[in-house]
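Novice: Sequence first, predicted coordinates after that:
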2 protein chains.
Amino acid sequence: MHFNLQHSDNKTKARAGEFHTDHGVVQTPIFMPVGTAGTVKGVHTKELETEVNADIILGNTYHLYLKPGLEVIEGAGGLHKFNGWNKPILTDSGGYQVYSLSGVRKIVEEGVRFQSHHDGSYHFFTPESAIDVQRTIGADIIMAFDECTPYPCDYKYAKRSMHMTHRWLKRCMDQMAKTEPKYGFDQALFPIVQGSVYKDLRLESAEKIASFDAIGNAIGGLSVGEPAEELYAITDHVCSVLPTEKPRYLMGVGTPANILECIALGVDMFDCVMPSRNARHGMLFTSEGIINIKNKKWEKDFSVLDPNGTASVDHFYSKAYLRHLIKSKENLGIQIATIHNLAFYLALVKEARTQILAGTFSEWKDKMVVKVQNRL
Amino acid sequence: MHFNLQHSDNKTKARAGEFHTDHGVVQTPIFMPVGTAGTVKGVHTKELETEVNADIILGNTYHLYLKPGLEVIEGAGGLHKFNGWNKPILTDSGGYQVYSLSGVRKIVEEGVRFQSHHDGSYHFFTPESAIDVQRTIGADIIMAFDECTPYPCDYKYAKRSMHMTHRWLKRCMDQMAKTEPKYGFDQALFPIVQGSVYKDLRLESAEKIASFDAIGNAIGGLSVGEPAEELYAITDHVCSVLPTEKPRYLMGVGTPANILECIALGVDMFDCVMPSRNARHGMLFTSEGIINIKNKKWEKDFSVLDPNGTASVDHFYSKAYLRHLIKSKENLGIQIATIHNLAFYLALVKEARTQILAGTFSEWKDKMVVKVQNRL
């Protein structure tokens, strides 16, 4: 697995690259739809390719470990075989969801004890087991087991947690070295920079993470409630330390404007539940701005969903019809809105790449950041 | 609009025909998926054509009248334009759902007063307004406004109700004659035979309905809880009275076995929520029998969903994956199961037609009735 940096923008720190995996090449910058339980909610596997134009999707280790469980996924021959997605898959380490979803949980040096949100059963994740689980799920990109600190987070806690994350990273790396891929394709580990909103901690963490010389690096602990200015400042700061020739993955970010700004700061990979989650509430992201389809103003708007959209649903269904479906709590409404939003996110990063390669990214980005935040 | 009877089976009363509408030809016997609120739940309009192979779908007048309401549907240019379905649409009259769904309701000679299940608002349907509403929705086939009696129903009530249904039919016919289609295509009214499970009432009703010389005729008030033997006996009895040269629509029926048996009795058209509703609970109908995908036995069955299936989902997804989705309450599971079940129903009636035309229906039907009721 390797990354080719193809072009760096002159006016910003934006980059265009290619990440090569055994499941194909991912052109960056890229957005990765979130497929929590082995499915991007409401979207057929084929539609992810033909409608959304996704090149890589996420799976959530915590969810998949609990349901359907590792025996089933291994029996299928890994997640790709299980859900029929033949392009790359990235899995988170399970850490973030253990902290946010599970009931009783206890973080100790050895790992994290937690209770399933399904049945209350007890489980224990360690850096080693998080690697083993991701090996079994069959991710192309495996994420290090870290602690994602909340916002706000006091300095002392952030520092202590970061150091534990670094120690855990060493254990993850060792476990990766000791184990083999299970399904014949290569798997790479991405370490994660932590340090909350503290610049000195972020510097220390980024240097530490860079020293492991991994195939790619991630920035965690952001998009947890901090103001956009802090998100941008920390991202900028960390990107300035992380190696240029490795892909940079900013975890859990964000709005279309967040993504454009962070591409300008040198980020290559993004994931976020926002396009799919907000779709379920009738919020559409478009190149002209944000549509709340539940608003009365769309009730008799029979124009197509998004004349600039790249998905066929954008041109097949009208705003009024989608409004009716969402207001009537019909699943088809969620399906249409999810496909639209994900396709928009993918089209946005694809266009960003085109603009980077053409040397016109900076001007385009400044215009788009205003447009995508517009309320229609 | 007209019906061509193409072939009548020698050993049974099964028929093959073609129903011509301004939105295309429907080959019979046919099953019509139910699209309650202007959408077959969880199925894209395009998938209804490409995956389900539907030729005609239903809309529910009660639901569409309340949401999105007639102004929106008329603004769109009718339901076909609103949801993008260009083949025929049949609407029920709203009567059945007024009785089963709404809160306070009062049936009087003039019509039915009822409360919306959404907001408790009061509404009044009459035979005349039911026709007007269906004209506005833009159904190709409009159903008469009737009272669907429950099961069991005492003789006196069934008789009185049936006579009111007959008087209402006259008013429906008059209203049809007085009004014009709104969107440039032809609309036909189907009257409905009632009379509960009483043979003399059914005879009287069938003769009365036949006397109106409508383009097609329907049998209502069945599949409301009566034993299958009564369903078959009444259907057989009514079919023997209804004119041969007109299509016969048996409302709300049924299981795959019910449909095959009723085809053998001379029914041409069916609708039922069963394939879509049961899909939402993980019950799959297949040519080899019924699968409850939630059962543990499918947990590690990685074979394709249905090797005999006609939909692409049947060959793309495994039983184990669908089980995981349904158990995890993922919408994609419902989407897959719904497409599978509807495609199976459509394939079943298509095969019935092929067998009728080939003169082999009787033997095939007897074998299939056993197979489709098998529990896998």
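Specialist: It's in.

Novice: Specify the residue positioned farthest from the middle of chain A.
Specialist: The C-alpha centroid of chain A is most remote from residue A:300, which lies 35.6 Å away (CA atoms, centre = their mean).

Novice: Okay, and that residue sits in which element?
Specialist: Counting by DSSP states H and E, there is no helix or strand that carries residue A:300.

Novice: Run a quick neighbour tally on the nearest residue to it once chain neighbours are set aside.
Specialist: Distance criterion CB to CB, 6 or more residues apart in numbering or on different chains; nearest residue to residue A:300, sequence neighbours excluded, is residue B:75 at 4.7 Å. Backbone N, C-alpha and C define where each C-beta goes, glycine included. By other CB atoms under 10 Å in any protein chain shown, the residues close to residue B:75 number 17.

Novice: is it true that residue B:75 lies in a strand?
Specialist: No - read with DSSP: H, G, I helix; E, B strand; the rest coil, residue B:75 is helix and lies in no strand.

Novice: From start to finish, how long is stretch A:57-66 in a straight line?
Specialist: Using CA to CA, to the nearest Å, one end of stretch A:57-66 lies 19 Å from the other.

Novice: neighbours of residue A:227, just the number please.
Specialist: For residue A:227, the neighbour count with other CB under 10 Å is 10.

Novice: residues in contact with the residue nearest to residue A:300?
Specialist: Under the criterion of CB atoms under 8 Å, 6 or more residues apart in numbering or on different chains, the contact list for residue B:75 reads A:300, A:302, A:320.

Novice: I figured the residue farthest from the centre of chain A hits residue B:73, correct?
Specialist: No - the pair residue A:300 / residue B:73 is not scored as a contact, 10.3 Å apart, by CB atoms under 8 Å.

Novice: Sticking with residue A:19, tell me its helix or strand.
Specialist: strand A:15-21.

Novice: What is the subsequent helix or strand relative to that strand?
Specialist: Remark: after strand A:15-21, the chain's next helix or strand is strand A:24-28, criterion DSSP H and E.

Novice: Please report how far residue A:20 lies from residue A:57.
Specialist: 17 Å (CB to CB, to the nearest Å).

Novice: Look up phi and psi at residue A:7.
Specialist: Note on residue A:7: backbone dihedrals following degrees, to the nearest 10 are phi -160, psi 140.

Novice: Kindly provide the distance from it to chain B.
Specialist: Using CB to the nearest CB, to the nearest Å, we find residue A:7 at a distance of 37 Å from chain B.

Novice: so what's that residue up against?
Specialist: If you count contacts by CB under 8 Å, 6+ apart, then residue A:7 has A:15-17, A:356-357 around it.

Novice: Could you report the pLDDT at it?
Specialist: At residue A:7, the predicted lDDT confidence score is 98.

Novice: so what does the helix or strand bottoming out on mean pLDDT in chain A touch, helix or strand wise?
Specialist: Least confident helix or strand of chain A, by mean pLDDT, DSSP states H and E, is helix A:95-101 with a mean of 79. Using 3 or more CB pairs under 8 Å, 6 or more residues apart in numbering or on different chains; DSSP states H and E as the contact test, the elements touching helix A:95-101 are helix A:61-66, strand A:105-107, strand A:112-115.

Novice: Need the CA coordinates for the helix or strand hosting residue A:80. CSV is fine.
Specialist: Assigned by DSSP H and E, residue A:80 falls within helix A:79-83. C-alpha atoms of helix A:79-83 as CSV (Å, rounded to 0.1, in the frame of the first residue of the first chain):
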residue,chain,number,x,y,z
LEU,A,79,-16.4,-7.6,5.3
HIS,A,80,-15.8,-7.1,1.6
LYS,A,81,-17.3,-10.5,0.9
PHE,A,82,-20.0,-10.0,3.5
ASN,A,83,-21.5,-6.8,2.1
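
Novice: any residue of it up close to chain B?
Specialist: Yes - Helix A:79-83 is in contact with chain B by CB under 8 Å from any CB of the partner chain, via A:81-83.

Novice: Pull out the buried residues from the lengthiest helix in chain A.
Specialist: In chain A, taking DSSP state H as the definition, the longest helix is helix A:331-358. In terms of neighbour count (16 or more other CB atoms under 10 Å in any protein chain shown), helix A:331-358 has its buried residues at A:331-353, A:355-356.

Novice: and the angle for it with helix B:331-358?
Specialist: 110 degrees (axes from the mean of the first three to the mean of the last three CA atoms, to 10 degrees).

Novice: Confirm residue A:218 sits in a strand?
Specialist: Yes - counting by three-state DSSP, one finds residue A:218 located in a strand.

Novice: Contacts only, for the nearest residue to residue A:201 once chain neighbours are set aside.
Specialist: Excluding its sequence neighbours, the residue lying closest to residue A:201 (CB to CB, 6+ apart) is residue A:195, at 3.3 Å. Applying CB under 8 Å, 6+ apart to residue A:195 gives the contacts A:158-159, A:162, A:201-206, A:221.

Novice: Try it again at 10 Å.
Specialist: With contacts defined as CB atoms under 10 Å, 6 or more residues apart in numbering or on different chains, residue A:195 is in contact with A:149, A:153, A:155, A:158-159, A:161-162, A:165, A:201-206, A:208, A:219-221, A:234, A:237-238.

Novice: re the thing from before, I'd like the contacts of residue B:75 written out as a markdown table, with distance to residue B:169 added.
Specialist: Below are the contacts of residue B:75 laid out as a markdown table (distance: CB to CB, whole Å):
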| residue | distance to residue B:169 |
| --- | --- |
| A:300 | 34 |
| A:302 | 35 |
| A:320 | 34 |
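
Novice: wait, which of those residues is closest to residue B:128?
Specialist: Checking these against residue B:128 with CB to CB, the nearest one is residue A:300 at 26.1 Å.

Novice: isn't that closest one right up against residue A:319?
Specialist: Yes - between residue A:300 and residue A:319 there is a contact under CB atoms under 10 Å: 9.2 Å.

Novice: thinking again about what came up before, so for residue A:20 and residue A:57, which sits in the more crowded spot?
Specialist: Neighbours per residue (other CB under 10 Å) separate residue A:20 from residue A:57, with residue A:57 holding more: 25 against 14.
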